[in-house]
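J.: next come a sequence and a model predicted from it.
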Amino acid sequence: MNENEMDDIVINEAYMDEFGTDDIIPGEISDNNLSKHLDVFKEIGNIGAGHAASALAGLLDRRISMSVPEASVLPFTEIVNVLDGPETTVAGVLIDVSGDLNGYILLLLSMEDAMAMVAQALHEEERDTTDPGFALTELEKDTLLEIANILVGSFLSAITSFSGLGATPTVPQLAIDMFGAILSIAMIEYGKIGDSVLFLKTQFNDLAGDINGHFFLIPDYNSYKILLNALGLDE
């Protein structure tokens, strides 16, 4: 997948109507166990945030603290509502994961937050992302990918350490597009996926204003069950 492929496919809220939902396998998480699941997932998120904060502090040359103010298990079809709807332009970083866990990790940032983050890293002035013709430079894109690598690697390490499972990430791919288009490409590439998505909203507290990162672990159906079993959350 590359940015050109993204440009060739225009998919938004109509995606489900056009392609249907037959490839989405219903999850089986029960309401009774949801609270316990979220407690464990939030703890994993907090550990990952701590590792990421330490690594980012070196990259940004300043003290960074991160928190995980929100942990959720969402149906895949509801992800588009996280960032103001499917037509919102976002910076998305998609990483394949394979091994004991299979699926992908998606990190999303609003364009304003992406610009703020790379401006901090490059010691440059922020530009207005609403200006006509705004686009990240190649250097800014590379910097954003480096930051995403740190964030995703930290959270994936927390997941594997906590669960004892092995998972290997691929090289991250950056896409700047409508949120719905990015999700649709992921569905087309992966085919059948699990319905349950682990969502962690992370917050960077020591940058100029609060910056929010949206982290999704989207395993295939079997991997989600394997993860629950490894974490002692099997139903």
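T.: Nice, thanks for sending it over.
J.: which stretch of helix or strand covers residue 119?
T.: For residue 119, the element it lies in under DSSP states H and E is helix 111-122.
J.: residue 212 - nearest residue in space that isn't next to it in sequence?
T.: Leaving aside its chain neighbours, residue 212 sits nearest to residue 203 (5.6 Å; criterion: Cβ to Cβ, 6 or more residues apart in numbering). Quick note: C-beta positions are derived from backbone N, CA and C, even for glycine.
J.: coming back round to it: show me what the helix holding residue 119 is packed against.
T.: helix 31-60, strand 89-99, helix 138-163, strand 211-219 (3 or more Cβ pairs under 8 Å, 6 or more residues apart in numbering; DSSP states H and E).
J.: just give the strands next to the last one in its sheet, each with its orientation.
T.: Spelled out, it's strand 211-219. strand 103-110 (antiparallel), strand 196-204 (antiparallel) (DSSP bridges).
J.: deepest-packed of these, please.
T.: With neighbours defined as mean count of other Cβ atoms under 10 Å, the strands paired with strand 211-219 peak in mean count at strand 103-110, which reaches a mean of 24.
J.: which residues sit against it?
T.: 82-83, 88, 90-97, 117, 144, 148, 151-152, 155-156, 169, 179, 182-183, 186, 190, 193-194, 211-220, 223 (Cβ atoms under 8 Å, 6 or more residues apart in numbering).
J.: that one to helix 111-122, inter-axis angle?
T.: Here strand 103-110 runs at an angle of 90 degrees relative to helix 111-122 (axes from the mean of the first three to the mean of the last three Cα atoms, to 10 degrees).
J.: all set now, cheers.
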